[in-house]
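Student: When you get a sec, could you give me coordinates for this:
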Amino acid sequence: MSEVYPWHADSHAAEDRQRWAVKIEYDGRGLVGWQRQKNGLSVQELLEDAAQRLAGGRKVPSITAGRTDARVHATGQVAHLDFPADMPLNGRSVRDGLGYHLKPHPVVVLAAASVAPTWSARFSAVRRRYRYRILNRASRPGLEADRVWHVRHPLDVAAMNEAARLLLGQHDFSTFRAAACQANSPIRTLDRLELVCEGELIHVEVEARSFLHHQVRNLVGTLQLVGCGRWTPEQVKAALEARDRRAGGPTAPAEGLYLVGVDYDPDPFERL
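Tutor: Numbers count the residues shown, from 1 in each chain. Presented below is the predicted three-dimensional model:
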């Protein structure tokens, strides 16, 4: 488990650290999102504090593949941690050690892999995968409370998929970009946007190399207008071409969104 995968030339690697990639799942309820903030607990704070305790009090910085917002969940988030080089670590000790110090918080390390010091959870990623979950029924959620968007009126999934296909490919996604988005460009390439029914649940599967702030939630909020008959697929296309956030639909609630995976080539976790 401690093999180092040589993704990049390592001639300038720091000698005082060892980098570990970790795959994480978490329940976003009660958390302010990934990034450290002064107004509450974040995933980053919990992970780095656990790593610091594992490292005997020495600080261990982290970088994530994607900064999730408050109340957003993850089943396959990825981050990297830079531990001191003198620590005798392997995949199991990193996974289980972090897991022990993360208790009782709903943040769990699923796997850990040693990577080259130049590997980056953020910049080495080739694809990010999100899933948005809609519970489409009249009755409110019991077991799924705060884990889905509850939509009471019946949704026309076929019409939503028709509209979704118009959004695939490379576009200027300014219409689906949050006003606070700090990305240099609104141009993104959407590789997958598909709705899949599973009983009363509708899964919106979304894949791209990178996303704009709130892009997935704004896409889902707009597709929901199509599903309930208020918009046509052609209106979604017109909204996209308007390149104006005011032309788009509402932002879907955070609690229905999950970061389900981050892809790398090669995958540091593949051999585990």
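
Student: would you list every one of the helices in the stretch 151-272 of the chain?
Tutor: 157-165, 215-227, 233-242 (DSSP state H, counting those that start in this stretch).

Student: Can you tell me what sits against the longest one?
Tutor: The one in question is helix 215-227. 130, 132, 134, 149, 151, 155-157, 159-160, 162-164, 167, 173, 175-178, 188, 193, 195, 204, 206, 231-233, 235-236, 239, 245, 248-254, 256-257 (C-beta atoms under 8 Å, 6 or more residues apart in numbering). Just so you know, the C-beta spots here come from the backbone N, C-alpha and C atoms, and that holds for glycine as well.

Student: Would you map out the domains in this structure?
Tutor: Using automatic domain parsing, the domain ranges for the chain come out as 17-124, 127-260.

Student: Present the helices of the stretch 151-272 of the chain as TSV; the columns should include distance to S93.
Tutor: Shown next, in TSV, are the helices of the stretch 151-272 of the chain (distance: least, C-beta to C-beta, whole Å):
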stretch	distance to S93
helix 157-165	44
helix 215-227	35
helix 233-242	48
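
Student: quick one, which of those helices is nearest to G99?
Tutor: For G99, the closest of the helices of the stretch 151-272 of the chain is helix 215-227, at 28.3 Å, according to C-beta to C-beta.

Student: The closest one vs helix 157-165, what angle?
Tutor: 140 degrees (axes from the mean of the first three to the mean of the last three C-alpha atoms, to 10 degrees).

Student: Mind checking which of the contacts of helix 215-227 are buried?
Tutor: 130, 132, 134, 149, 151, 155, 157, 159-160, 162-164, 167, 173, 175-178, 188, 193, 195, 204, 206, 231, 233, 235-236, 239, 245, 248-249, 251-254, 256-257 (16 or more other C-beta atoms under 10 Å).

Student: Now, the residues you listed that are in strands?
Tutor: Mapping the buried ones among the contacts of helix 215-227 onto strands (DSSP state E) picks out 130, 132, 134, 149, 151, 188, 193, 195, 204, 206, 257.

Student: so how far is S174 from the fourth one?
Tutor: The reference is to W149. Look at W149 and S174: by C-beta to C-beta, to the nearest Å, they are 24 Å apart.

Student: mind checking which of the domains of the chain is nearest F269?
Tutor: Ranking those by proximity to F269 (C-beta to C-beta) places domain 17-124 first, at 5.0 Å.

Student: Contacts only, for the residue lying closest to G40 once chain neighbours are set aside.
Tutor: Of all residues not flanking G40 in the chain, V32 sits nearest, at 4.0 Å (C-beta to C-beta, 6 or more residues apart in numbering). Taking C-beta under 8 Å, 6+ apart as the contact definition, V32 lies against 39-42, 70.

Student: same question, A79
Tutor: 21-22, 24, 47, 62-65, 121.

Student: any idea how far the residue nearest to A238 when sequence neighbours are not counted is from R53?
Tutor: Distances taken as C-beta to C-beta, 6+ apart put A247 closest to A238, at 7.5 Å, once the chain neighbours are dropped. Separation of A247 from R53 (C-beta to C-beta): 49 Å.

Student: With L81 instead?
Tutor: Computed as C-beta to C-beta, the L81 to R53 distance reads 13 Å.

Student: Ok, Q35 next?
Tutor: Relative to R53, Q35 is positioned 20 Å away (C-beta to C-beta).

Student: same thing with Q182?
Tutor: For Q182, the distance to R53 equals 32 Å [C-beta to C-beta].

Student: Would you mind telling me which of the two has more residues around it?
Tutor: Using other C-beta atoms under 10 Å, the more surrounded residue of Q182 and R53 is R53, with 16 against 7.

Student: got a list of what the more buried one touches?
Tutor: Applying C-beta under 8 Å, 6+ apart, we find R53 in contact with H101.

Student: mind checking pLDDT for it?
Tutor: pLDDT recorded at R53 is 98.

Student: swap in R271?
Tutor: So, for R271, pLDDT stands at 78.

Student: How about the contacts made by A164?
Tutor: 193-195, 219, 223.
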